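1. Next come a sequence and a model predicted from it.
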Amino acid sequence: MTISYDKQQLIDSIHQHALKFGQFTLASGKQASFYLDCRMVTLHPQGANQIAAGMLDVLEKGAFGGIPQAVGGLAIGADPITASVVVHAGLRQHPILGFMVRKEPKQHGTGKLVEGPVTPGMKVVIVEDVITSGGSALKAAAAAKDFGLDVIGAIGVVDRLEGGRANFDAAGIPLVTLLTIDDLIPPAQR
């Protein structure tokens, strides 16, 4: 059974489970009056289903010139997204593989930074939950490129509209997000 993407259902899920108000320091180092704890959605069955369905819709519509051979991102935030997209891709008959980028190479075995059934030359898309500066996803993209993967784009769940898109543009990586912060909090309330 395949799940259809419902933007409003994803917005409702984020409001219910992931959006917090207060004073927060983001991964980028910036201070913010709200925080999106998207792991509360990416690790929730309905949230994971909506994210995977939305991201697959983006891929099927050709946002990056075709369906990639694999999706992945920086551990651990991108891992549940990668897993959900891979499972849903299988249900839609797309042979999309998944991969993970470690924050640092493991100190035993092969010492890999990129893990999973990917090989150099494959076309891949980086997945991410929240885009602020884009640092985590761009780090994953750089490691994927160093491994020999062809990074054709990136998909995020939410763009906080705080400069991340410009950083992706500067890196030459097309970025698509399912939502922006404007979908979750009207500008007058931020």
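-> Alright, I've got the coordinates. Everything numeric in this text was worked out from a predicted model, so none of it was measured.
2. hey, let's count contacts and neighbours off CA atoms from now on
-> Will do.
3. quick check: longest helix of this protein.
-> helix 45-60 (DSSP state H).
4. All the helices of the chain, in order from the start?
-> 7-17, 39-42, 45-60, 79-91, 135-147, 164-171, 181-184.
5. Just put these in CSV and tack on mean pLDDT.
-> Formatted as CSV, the helices of the chain follow (pLDDT from 0 to 100):
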stretch, mean pLDDT
helix 7-17, 98
helix 39-42, 97
helix 45-60, 97
helix 79-91, 98
helix 135-147, 97
helix 164-171, 98
helix 181-184, 97
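6. Out of these, the one nearest K123 is which?
-> helix 135-147 (10.2 Å; C-alpha to C-alpha).
7. Remind me what that closest one packs against, helices and strands.
-> strand 70-74, strand 97-101, strand 114-115, strand 123-131, strand 150-159 (3 or more C-alpha pairs under 8 Å, 6 or more residues apart in numbering; DSSP states H and E).
8. Now those in TSV, please, with extra columns for mean pLDDT and distance to L184.
-> Output for the helices and strands packed on helix 135-147, formatted as TSV (pLDDT from 0 to 100; distance: least, C-alpha to C-alpha, whole Å):
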stretch	mean pLDDT	distance to L184
strand 70-74	98	24
strand 97-101	98	28
strand 114-115	96	33
strand 123-131	97	13
strand 150-159	98	9
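9. Deepest-packed of these, please.
-> strand 70-74 (a mean of 28; mean count of other C-alpha atoms under 10 Å).
10. Could the C-alpha coordinates of it be exported in CSV?
-> Written as CSV, here are the backbone C-alpha positions of strand 70-74 (Å, rounded to 0.1, in the frame of the first residue of the first chain):
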residue,chain,number,x,y,z
ALA,A,70,20.2,6.5,-3.7
VAL,A,71,19.3,8.9,-1.0
GLY,A,72,21.1,9.6,2.3
GLY,A,73,22.5,12.2,4.6
LEU,A,74,24.4,12.9,7.7
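11. No further questions, thank you.
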